[in-house]
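In: show me how the following folds:
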Amino acid sequence: QVQLVESGPDLVKPSQTLTLTCGVSGDSITTRYQYWNWIRQSPGKGLEWIGCIAYDGKTFYAPSLESRTAISRDAPKNQFSLELTSLTPEDTAVYYCVRSSNGVVIGTKDGMDYWGKGRLVTVSS
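Out: All right, here's what the predicted structure looks like:
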């Protein structure tokens, strides 16, 4: 059974940097042709894809967030991380880490099969 678990702060101040980590069990983040995503949902809004890191370490980002986003991985620990800089209250959201495999279309829900439970991050002073 594949499990993804998000960890990180619950409350961050404006202008600061958010770092979230996703621990993966039941699969390897280096398994071929799989992608590991970060997605968020702000209050009252739909799901927003932030970016992903591929099995080979390549990264892909949503154009609207690319200038503030970095996704990295620690393969020996089987985890990947999100760094989002210059936070504003509009970045308040539930952040999910998600696996994509089989029929992946980067930046879409196609192939997304395992989700973490999500972590609510509030940006407030």
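
In: quick check: closest non-adjacent residue to residue 72.
Out: Distances taken as CB to CB, 6 or more residues apart in numbering put residue 81 closest to residue 72, at 5.3 Å, once the chain neighbours are dropped. (Glycine included, C-beta is placed from N, CA and C.)

In: so who does the one you found touch?
Out: Residue 81 is in contact with 19-22, 71-74, counting by CB atoms under 8 Å, 6 or more residues apart in numbering.

In: now flag whichever of those residues is closest to residue 106.
Out: Of all the contacts of residue 81, residue 106 sits closest to residue 71, with 12.4 Å by CB to CB.

In: neighbours around the closest one, how many?
Out: Neighbour count of residue 71, defined by other CB atoms under 10 Å: 22.

In: what residues are up against residue 57?
Out: Taking CB under 8 Å, 6+ apart as the test, what residue 57 contacts is residue 73.

In: using PDB, list the CA coordinates for stretch 108-116.
Out: Extracted in PDB, the C-alpha atoms of stretch 108-116 (Å, rounded to 0.1, in the frame of the first residue of the first chain):
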ATOM      1  CA  THR A 108      -3.300  17.500 -14.800                       C
ATOM      2  CA  LYS A 109      -5.200  15.000 -12.700                       C
ATOM      3  CA  ASP A 110      -4.500  12.300 -15.300                       C
ATOM      4  CA  GLY A 111      -2.600   9.400 -13.600                       C
ATOM      5  CA  MET A 112      -2.900  10.800 -10.000                       C
ATOM      6  CA  ASP A 113      -3.600   7.800  -7.900                       C
ATOM      7  CA  TYR A 114      -2.300   8.200  -4.300                       C
ATOM      8  CA  TRP A 115      -2.800  11.300  -2.200                       C
ATOM      9  CA  GLY A 116      -1.600  12.400   1.200                       C
END
